[in-house]
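Q: My questions concern the predicted model and sequence given below.
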Amino acid sequence: MKTLSNVGARVGLRQRYNAERPHEALGQRLPASLYQPSPRPYPTTLLPITYPGHYEVRRVSRNGGIRWGSRWVNVSHVLAELNVGFEEIDDGLWEVYFGPVWLGRLQETTCRIVGGQWRDQSSAYRFHHKRADPCLFGGSQLLQREGD
């Protein structure tokens with residue numbers, strides 16, 4: 001829990017660490033003596049992400065998913081309340097993007113996004129749909145260890 005005393009202690013630590021205590025890795029110089037602000041301006045607001053007209057655009061809900069028709073697709077809670085773009089590349093197969101970043105492919109038959117660097121394809125866990133469609137509930141209650 002953050003309190004004012006914790007915040008004050010951190011400010012004091014930062015002051016000691018950067019302005020009073022020399023560092024061996026810096027040749028016994030103070031970090032504050034070497035700091036230079038970036039010459040690049042930092043924007044106060046970011047431009048909205050736009051997608052080409054042929055994309056399907058969906059807003060990710062607070063719990064990290066979207067509706068695809070009447071079905072549920074988990075995207076990522078990291079993208080909550082942001083728009084993602086879907087580009088159809090074949091019947092029932094869509095490329096998924098967050099701006100220029102490729103997130104993977106949505107397969108309508110499984111209602112899952114697969115591929116992409118941030119998705120673990122070598123996981124020992126898989127969704128096994130026994131009684132319910134995994135798209136309806138995001139599959140979380142159907143998660144089982146492979147081989148069980």
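A: Cool, the structure landed.
Q: for residue 89, what are its contacts?
A: Going by CB atoms under 8 Å, 6 or more residues apart in numbering, residue 89 touches 95, 105. Where you see a C-beta, it was placed from the backbone N, CA and C, and this is true even at glycine.
Q: That one looks like it's in a strand, true?
A: Yes: membership of residue 89 in a strand is supported by DSSP: H, G, I helix; E, B strand; the rest coil.
Q: And the pLDDT at it?
A: Residue 89 carries a pLDDT value of 96.
Q: and what of the one 10 residues further on?
A: Residue 99 is assigned a predicted lDDT (pLDDT) of 94.
Q: Give the closest residue to it in space, chain neighbours not counted.
A: Nearest residue to residue 99, sequence neighbours excluded (CB to CB, 6 or more residues apart in numbering): residue 49, at 4.4 Å.
Q: swap in residue 55?
A: residue 85 (4.1 Å).
Q: The residue nearest to residue 99 - that's part of a helix, no?
A: No: per three-state DSSP, residue 49 lies outside any helix segment and is coil.
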